[in-house]
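Novice: Using only what follows, build the 3D model:
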Amino acid sequence: MPTHPPRESGLSEAEAALRLQRDGANRLPSPDHRSAAATLVSAALQPMVMLLLACTLLYALLGELMDGAALGVSIAVVLAISVYQELRTQRVLEALRDLASPRSTVIRDGVVRRISSQELVVGDRLLVEEGDRLACDAALVQAHALRVDESLLTGESMPVDKQPESPGAEGQLHAGTLVVQGDGVALVTATGTRTTLGQIGGSMAALPARESRLHLDLKRLVRGVAYLALLVCLVATTVFAWREGSWTAGLLVGLTLAMATVPEEFAVVWTVMLAIGAWRLARLKVLTRQPQAIEALGSTTVLCVDKTGTLTCNQMEVVGLQTADGAAAERRPSDAPDPRWQALIETAALASVRESLEPMDQAIFRLSSADGTESRLSLVARDGVAPGHPFVRQVWRHEATREQWAALKGAPEAIFSLCAQVPEAVQAQAERWASSGMRVIAVARAAGSEPSCELQGLLAFEDPLRADVPAALTACHAAGVRVVMITGDAPATALSIARQAGLVRDGAPMQVLTGAQIDAMNEAQFEGVVMHVAVFARIAPAQKLRIVQALQRRGEVVAMTGDGVNDGPALRAADIGVAMGARGTDVAREAASLVLLDDRFASLVDALSAGRRIFDNLQKAIGYLFAVHVPIVGLSLLPVLGGPVLLLPLHVVLFELIIDPACSLVFEAEPASPEAMTRPPRPSSARLFAPRRVARALGVGLVALAFVAGVQWMARAAGATDEELRLAGIACVVVGNLAMLQWFRGRGAVGRPNRMLQVLVLAVCAAGALITLVPAVSLALGLPTLQAGDVLIVLAAPALWAAWQLWRGQLPDGGKRRYHAP
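Specialist: Numbers count the residues shown, from 1 in each chain. Predicted coordinates:
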């Protein structure tokens, strides 16, 4: 509670109720919480899922209920994964809504009360104290040594002093900020969306969500193949009906051909790969709010990161010590205590408050071993920071000797003015540390009531770099991803952290650009320099958005990390927004595509690798889909060319039971290639599947079709029946599927175990035995029942294929000259 509660009575409960009804609850608008049913409907209305539903309906209209049921099951699986992922994301985000303190202290009817922060109204007299997270904007009326951490709002890492009834920012408190020292009384001036926090969040509404390039490519691909399938179906139906004189038979042939050509697997492979990829990232503490962002990360060329709390720990540490007698050293947080600094550190601790949330006080006590000293002393008086008094003075009395003395800490120039002697070396060191971006305080001691102080030395503070950041940045550079720091801190502070992280090199041109310099440039000038700047300092929220948009206009694919309210618009405008989950605000999390639940910047390396792996595996899977449909379409076309009807719609469904898990699960389980994070990002203009890749995939499919045709020719020459020809054709297609699956995995794939592939092969063998050995199943599929010896002959082809793959995996290059599947 405040030290000196005011006598004003504040609003009455009746007036507060009227204002609450007029202005609404003090909360930020949250995204609509959709039920499972609404989420299901939304997923079902996606164009590619609608294509699957149309295929199922087509089966039902033809009376092929078994075929329709099989396709319906696959649709149910896709929808279940989509709904689960959406609901899980909603639950995690709701658990992360911890920005505002749930309760606030106000004066109403002359009584101090604790109320829900949602009940705050304009005109309330708000009591604030150390540790409070403010839930509204307010004008400060009274204050005692009040300091507020506004880093989530401004990006400035150091707390700022607040003075009552001062013009400008010094007299204003803002929602989302944290009181780290002192207490005070304020008059509520804005709540909900009318606060600064709410206005920044609302500014994102005008920024449209960006659709993934891969999603657009896949939609174009599906649309093109679907049109081709429709055209082929119409031509085949017309030709067969004209030649045979039966439109019913022609429709059956045409529909079978359409089922063999319609690319329903594209929807499955896209949805399942991204959903499982999101699940894998969730295990690494990366929440995926928009699954398409995983893939888009693979094309990221520029990563814009905030300094405070992202590259740094958001926790001040003592990094430099200087005693008055000239001893100086820089230290790391992991360094062991040094007795040379004991007197300096203990004096600084006695000028601080142990329970304070002020970052420098916390850093001092982490370093101090003054517990025993404090227990023998009693605090007599304390003077905090005030205008014209930029230092803290605490007077202590020794319980045994009753001797009194004071410990002081504060701005070096203020402490120096109180000391009788200040060595030039100490003054020079203070200037050097300050110019390098460190926060410097001087520490002094005074005996009794003497005005003159004895200088103890200097302490330099810095918000340290996260330990895993340099390695993560090295990985980004190796992957061709440029990293840019954007911060509200001073240029010297930003450059100091950038050098430690390896973001800038000494002597490089245009290392840092300030917000004031950006404001002085027009758009053309700014776009000319934005590609060469590594650090942006003293940046306002609107300027962050301007930086992101300027990079995008230069053709860059921009990922933006952030945790503060000020990052929200830029996160939304970026191609990929990445918010911090533990420290980030609701505004940042709702604007982002990905959320780092553990706030580890290094987790982005995993996400970048996952994005590239998913794109590579999607290319392999879609290449396989193009190739594997060629022999199926070839068998379906045979009746149109005058041959027997070998494939029925049910047979095509059987093939789909192999193709769907192969493309969506086997390829999804493929590990990232060794060079995935050592090659540049793919160009933003790169297509998911270029015409050249389509041609190569179709070429592989034609080889498989030639194999099927050769077996058919030999079987027909041997006098095989139509049922036997059908079985031979289906067996050849299945074996060809497995061979193409291995081919598109790439050279050396035999040496890379894939558990899903092993499961698929076992399932195919079991299904083959069931179909060929159980008469009821064979009859239902229009296939002959084989004897055990015949089954061994059929299995000879898979055995030869396995032997060839084993030999292929043992080639001298051992997969080093890795084949990139089309």
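Novice: Would you state the helices of the stretch 151-300 of the chain in chain order?
Specialist: 151-154, 196-202, 213-244, 247-261, 264-283, 292-297 (DSSP state H, counting those that start in this stretch).
Novice: and the residue nearest in space to the middle of the chain, what are its bridge partners?
Specialist: For the chain, the residue nearest the mean C-alpha position is Leu594 (2.5 Å; Cα atoms, centre = their mean). Applying DSSP bridges to Leu594 yields these beta-bridge partners: Thr288, Val578.
Novice: nearest spatial neighbour of Cys476, skipping sequence neighbours?
Specialist: With Cβ to Cβ, 6 or more residues apart in numbering as the criterion, Cys476 has its nearest non-adjacent residue at 5.3 Å, and that residue is Val483. (Glycine included, C-beta is placed from N, CA and C.)
Novice: about what we covered before: just give me the lowest mean pLDDT stretch among the helices of the stretch 151-300 of the chain.
Specialist: Of all those, helix 247-261 carries the lowest average pLDDT, namely a mean of 65.
Novice: Now do Arg613 against Leu604, distance only.
Specialist: 15 Å (Cβ to Cβ, to the nearest Å).
Novice: whoops, I mixed them up, Leu503
Specialist: 14 Å.
Novice: and Asp506, what pLDDT?
Specialist: For Asp506, pLDDT reads 65.
Novice: quick one: Ala406 is in a strand?
Specialist: Yes - counting by DSSP: H, G, I helix; E, B strand; the rest coil, Ala406 is part of a strand.
Novice: just to revisit the earlier point, in what element of secondary structure is the residue nearest to Cys476 found?
Specialist: Element membership for Val483, per DSSP states H and E: strand 482-486.
Novice: pLDDT on that strand, on average?
Specialist: Strand 482-486 comes out at a mean pLDDT of 92.
Novice: Stretch 517-533 now?
Specialist: 92.
Novice: buried ones in it?
Specialist: Gln517, Ile518, Met521, Phe526, Val530, Val533 (16 or more other Cβ atoms under 10 Å).
Novice: how would you label the most far-flung residue of the chain relative to its centre: helix, strand or coil?
Specialist: Most distant from the centre of the chain: Gly719, at 61.7 Å, with distances by Cα atoms, centre = their mean. When classified by three-state DSSP, Gly719 comes out as coil.
Novice: Kindly report the same for Pro680.
Specialist: Per three-state DSSP, Pro680 ends up coil.
Novice: who touches the residue nearest to it when sequence neighbours are not counted in this structure?
Specialist: Distances taken as Cβ to Cβ, 6+ apart place Gly480 nearest to Pro680, at 3.5 Å, with adjacent residues excluded. With contact set as Cβ atoms under 8 Å, 6 or more residues apart in numbering, Gly480 has these partners: Thr301, Arg679, Pro680, Pro681.
Novice: list the contacts for the residue lying closest to Leu513 once chain neighbours are set aside?
Specialist: Nearest residue to Leu513, sequence neighbours excluded (Cβ to Cβ, 6+ apart): Val533, at 4.6 Å. Val533 sits next to Val484, Met510, Gln511, Val512, Leu513 when contact means Cβ under 8 Å, 6+ apart.
Novice: can you tell me the average pLDDT over the longest helix along the chain?
Specialist: The single longest helix within the chain, with elements called by DSSP state H, is helix 603-637. Averaged over helix 603-637, pLDDT sits at 83.
Novice: Please spell out which residues along that helix are buried.
Specialist: For helix 603-637, using 16+ other Cβ under 10 Å, the buried residues are 603-637.
Novice: ditto for stretch 230-247
Specialist: Quick answer for stretch 230-247 (16+ other Cβ under 10 Å): Val232, Cys233, Ala236, Thr237, Val239, Phe240, Ala241.
Novice: from memory Val761 sits against Leu738, does it?
Specialist: Yes - the pair Val761 and Leu738 qualifies as a contact (Cβ atoms under 8 Å) at a distance of 6.7 Å.
Novice: between the two, who's got more neighbours?
Specialist: Set Val761 next to Leu738 and count neighbours by other Cβ atoms under 10 Å: Leu738 wins out with 20 against 16.
Novice: how near is that one to Phe744?
Specialist: In terms of Cβ to Cβ, Leu738 sits 11 Å off from Phe744.
Novice: same check, this time on Val148
Specialist: Distance, Val148 to Phe744, by Cβ to Cβ: 58 Å.
Novice: of the two, who's got more company?
Specialist: Neighbour count, other Cβ under 10 Å: between Val148 and Phe744, Phe744 has more, with 29 against 24.
Novice: buried stuff in the helix or strand where the more buried one lies?
Specialist: Assigned by DSSP H and E, Phe744 falls within helix 722-745. Going by neighbour count (16+ other Cβ under 10 Å), the buried part of helix 722-745 is 723-745.
Novice: Over to stretch 344-362?
Specialist: Quick answer for stretch 344-362 (16+ other Cβ under 10 Å): 344-353, 356-362.
Novice: next one: stretch 442-450
Specialist: So for stretch 442-450, counting by 16+ other Cβ under 10 Å, buried means Ala442, Val443, Ala444, Arg445, Ala446.
Novice: Tell me which two in the residues you listed are the farthest apart.
Specialist: Farthest-apart pair in the buried residues of stretch 442-450 is Ala442 and Ala446; separation 13.1 Å (Cβ to Cβ).
Novice: can you list the domains in this protein?
Specialist: The chain breaks down by automatic domain parsing into domains covering 13-29+99-206, 213-262+621-809, 292-313+465-605, 318-462.
Novice: Please convert the ones you listed to TSV, extending it with distance to Val272.
Specialist: Formatted as TSV, the domains of the chain follow (distance: least, Cβ to Cβ, whole Å):
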stretch	distance to Val272
domain 13-29+99-206	31
domain 213-262+621-809	4
domain 292-313+465-605	13
domain 318-462	45
